[in-house]
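# Show me the folded form of this:
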Amino acid sequence: MASFDVIVIGGGINGLTAAAYLAKSGFQVAVVEKRDQLGTHCSTEELATPGWKNNPHASGIWVGHSPAMLDLDLEAHGLELIFPRFSRAQPFLDGTAFVPDLYDANRFYAKVQRFSKKDAETFKDILNRFVAIRRELLEVFVYSPPSQENWDRTVALLASIPHVPEDFLDMTGFELIDLLFESEHFKAQLAGWSHACALEPHLKVIGPIGAILLVSAFGVQQSIGGSHQIPHALFRCIVRHGGKVLQNCSVEEILIEDGTATGVRLGQNASYPEKTLTAKKGIISNLSPVPTFLHLIGEDHLEADWVRQLRDYNYWGVLFTAAFLSKAPPHWVGTNFDPDIEKAWHFNFGADTLADVKKMSHEVLEGRIPKPIAFLAANFNFTLHDPKSAPPGLHNIQLWADVPGPLELDDDVDAWDRMTPEVLQRCEDRLEEYAPGFRPQIVDRVAYSPADVARRNASAINGVWSAGIVEPGQMYLDRPFLGCNAPRSPFKNLYLSNGVWPHSFSWLGAGHNAALVVLEDYGMKKPDWWCHRALEWFDVYTKRNNIPITPKVTI
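Numbering: from 1, shown residues only. Model (predicted):
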């Protein structure tokens, strides 16, 4: 076939989500992917020792938050998620540790009390209100296309939370956290988790929103068998409903005729060299903004102001992956204070106070590798719940350190290749501080730098993980640029599912919303099966596994 209803450029998980929704809705869909594997930023690979399954990209999974989990029946297509009890843990060098209990809000509250009774009361007030509004908040803020109406409702919901000041959007996340809480450890973990979710606390607007959201008991899921099971499940859904997936097919050009996107021309090295594929109803680009508009469309089709904004688009936010295969898991400082930390698969460490988090953020913004290095982008013990992610009897530990993209020492991204061994050693040294005795347990180690990310995925400029920083002027209605109206675009029949709002998380919001507006633009109603709500999968999961949940603080 050379003609389809919808063509999706790029097989990342949001592009696959859009394709799956539309294929299941009856559209003839083709996904066109440059590589021989789908899900470039949601991969599972053996980078070193055979049997050691690394997840160098998406690792803490948010798919369970999405309506897509049930709408697309991803479990029936092979995706197995677990929702662990202990997540977002953080050890501190003074021998304490903060380990939220995501099943029991009363225990969560009691853990906050150990750091500050005042903070525990503030936490209680915020959490109890948040639980009442979180489903609606996710549905208007994440799982709906951006609109002024949805933004106003989001702000009203956040403003309804106790202790949130009227002018919270005029504050940075750091300022709001400092205003609400007194414990330095509690402030540090909250700022760190906000940063891990790309809701950067050094910024206004998005920073305080992140601070409010991350007070809650939000937790991520683990994909059993590795993160790559997500694109596999989406692929199976697409194919089951008649969609096509063309791999080893790079796109050379998006064809524009009279302001309308009509098709794509494949590259000369594609499996179908220089083949033209036509799209009768839409093209969805799952590439980030600069490759989509400046490379595949070209400046001749763009207004001068769009070109200026795209050239200034801020691809900020990269990670250095340090992974360790070990004979034993880390034994954290703080275990005696809270033994639950040994049960936490998902953790941060390396910044014990709010000032430490600010310092890390400042150094990265200035283009320097932080000293000491900090791990505030989420870190994992994969084997805690998935023993098959490592050879028998061994443990799979992965750290993410925030670093600059291109290094100051020269303009060559390959500078990372020269720096990688040193940075990996610094990561290991820092881990040894927080988990004394771990070093002798290490069997193998591997690093994955921003340069490795950029080489793997040309859409990830500078090696970014989230398709560009979320900041005022580059968020919500203004993302990727003012006047784009994403997930629509200035071109008829061209839609976007990457570098748009919501930013590129594994919560599948961008793909869901892109499919939704295609449906709307063709005057179609959502099919009956497209009916599930945000967070609904959690209800199914906890009931199925007989997990008692206490969502609110009642003591």
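# Pretty sure residue 330 sits in a strand.
No. Secondary structure of residue 330 (DSSP: H, G, I helix; E, B strand; the rest coil): coil, not part of a strand.
# who's in contact with it?
The contact partners of residue 330, by Cβ atoms under 8 Å, 6 or more residues apart in numbering, come to 381, 397, 431, 434-435, 438. C-betas here are computed from N, CA, C, even on glycine.
# again, only this time at 7 Å
Residues counted as contacts of residue 330 (Cβ atoms under 7 Å, 6 or more residues apart in numbering) are 397, 431, 435, 438.
# With residue 472 instead?
203-205.
# Closest to residue 325 out of those?
Lowest distance from residue 325 to the contacts of residue 472 (Cβ to Cβ) belongs to residue 203, with 36.6 Å.
# How about that closest one: what's its closest non-neighbour residue?
Excluding the flanking residues, the one nearest residue 203 by Cβ to Cβ, 6 or more residues apart in numbering is residue 471, at 5.3 Å.
# burial measure for that neighbour, as a count.
19 (other Cβ atoms under 10 Å).
# Residue ranges in the stretch 251-400 of the chain under the pLDDT threshold?
Within the stretch 251-400 of the chain, no range satisfies pLDDT under 70.
# now do the chain
Checking the chain against pLDDT under 70 turns up 217, 407-413.
# circling back to that earlier point, kindly provide the distance from the residue nearest to residue 203 to residue 215.
Distance of residue 471 to residue 215, computed by Cβ to Cβ, to the nearest Å: 21 Å.
# picking up where we left off before, select, from the contacts of residue 330, the two members most distant in space.
Longest span within those, Cβ to Cβ: 397 and 435, 9.2 Å.
# Who has more neighbours out of the two?
Neighbours were counted for residue 397 and for residue 435 using other Cβ under 10 Å; residue 397 has more, 25 against 22.
# Relative to residue 324, how far out is that one?
On the measure of Cβ to Cβ, residue 397 and residue 324 end up 5 Å apart.
# again with residue 57
For residue 57, the distance to residue 324 - Cβ to Cβ - is 18 Å.
# Can you give me the first-to-last residue distance of stretch 71-83?
19 Å (Cα to Cα, to the nearest Å).
# Check stretch 380-395 too.
One end of stretch 380-395 to the other measures 11 Å (Cα to Cα).
# likewise stretch 55-71?
Terminal residues of stretch 55-71 are spaced 26 Å apart (Cα to Cα).
# nearest spatial neighbour of residue 128, skipping sequence neighbours?
Nearest non-adjacent residue to residue 128, counting by Cβ to Cβ, 6+ apart: residue 552, 4.8 Å away.
# ok so the one you found is a helix residue?
No. Counting by three-state DSSP, one finds residue 552 to be coil, located in no helix.
# Next, give phi and psi for it.
Main-chain torsions, residue 552, degrees, to the nearest 10: phi -120, psi 160.
# Share the number of residues neighbouring it, please.
15.
# How much space separates the closest residue to residue 555 other than its chain neighbours from residue 551?
Among residues not flanking residue 555 along the chain, residue 106 sits closest, at 5.2 Å (Cβ to Cβ, 6+ apart). Distance, residue 106 to residue 551, by Cβ to Cβ: 10 Å.
# of those two, who's got more company?
Legend: neighbour count by other Cβ under 10 Å for residue 106 and residue 551, higher for residue 551 (18 against 14).
# what residues are up against that one?
Taking Cβ under 7 Å, 6+ apart, one finds 105, 131 in contact with residue 551.
# Residue 49 contacts residue 442, correct?
No. Applying Cβ atoms under 7 Å, one finds residue 49 not in contact with residue 442, separated by 11.3 Å.
# Wasn't residue 361 part of a helix?
Yes. Judged by three-state DSSP, residue 361 forms part of a helix.
# what's the neighbour count on the nearest residue to it once chain neighbours are set aside?
Sequence neighbours aside, residue 202 is the residue nearest to residue 361 in space, at 4.9 Å (criterion: Cβ to Cβ, 6+ apart). By other Cβ under 10 Å, the residues close to residue 202 number 19.
# what about residue 202, is that helix, strand or coil?
Assignment for residue 202 (three-state DSSP): coil.
# right, and it touches residue 172 too?
Yes. Assessed by Cβ under 7 Å, residue 202 is found in contact with residue 172 at 6.0 Å.
# A strand includes the residue nearest to residue 203, no?
No. Assignment of residue 471 by three-state DSSP gives coil, placing it outside any strand.
# quick one: it and residue 193, what's the gap?
18 Å.
# three-state assignment of residue 423?
Put simply, residue 423 is helix when judged by three-state DSSP.
# Pull the contacting residues for it.
320, 369.
# Then the one 10 residues further on?
Residue 433 makes contact with residue 93, according to Cβ under 7 Å, 6+ apart.
# Okay, buried residues for the helix or strand where it lies please.
Using DSSP states H and E, residue 433 sits in helix 415-434. Neighbour-count burial for helix 415-434, counted by 16 or more other Cβ atoms under 10 Å, picks out 415-416, 419-420, 423-424, 426-428, 430-431, 434.
# Just after it, pick out the following helix or strand.
Assignment by DSSP H and E places the next element after helix 415-434 at strand 442-448.
# Now do whichever helix or strand comes after that next one: which elements does it pack against?
Remark: after strand 442-448, the chain's next helix or strand is helix 450-456, criterion DSSP H and E. With contacts defined as 3 or more Cβ pairs under 7 Å, 6 or more residues apart in numbering; DSSP states H and E, the packing partners of helix 450-456 are helix 415-434.
# just how off-centre is the helix it packs on within its chain?
24 Å (Cα atoms, centre = their mean, to the nearest Å).
# same deal with stretch 216-234?
Mean-position distance between stretch 216-234 and its chain equals 11 Å (Cα atoms, centre = their mean).
# and the gap between residue 362 and residue 201?
Distance from residue 362 to residue 201, counting by Cβ to Cβ: 12 Å.
# Look at those two and report which has more neighbours.
Each of residue 362 and residue 201 has its neighbours counted (other Cβ under 10 Å); residue 201 has more, 27 against 12.
# Give the full set of residues in contact with that one.
Residue 201 neighbours (Cβ under 7 Å, 6+ apart): 172-174, 177, 191, 194-195, 207, 210-211.
# Show residues contacting stretch 28-40.
Residues from elsewhere that reach stretch 28-40 (Cβ under 7 Å, 6+ apart): 4-13, 15-16, 19, 22-23, 228, 230-231, 235, 238, 243-251, 264, 277, 456-457.
# among those residues, which ones are buried?
By neighbour count, with 16+ other Cβ under 10 Å, the contacts of stretch 28-40 hold 4-13, 15-16, 19, 22-23, 228, 230-231, 235, 238, 243-246, 249-251, 264, 277, 456-457 as buried.
# In helices, which of the contacts of stretch 28-40 appear?
Counting by DSSP state H, those place 13, 15-16, 19, 22-23, 230-231, 235, 238, 456 in helices.
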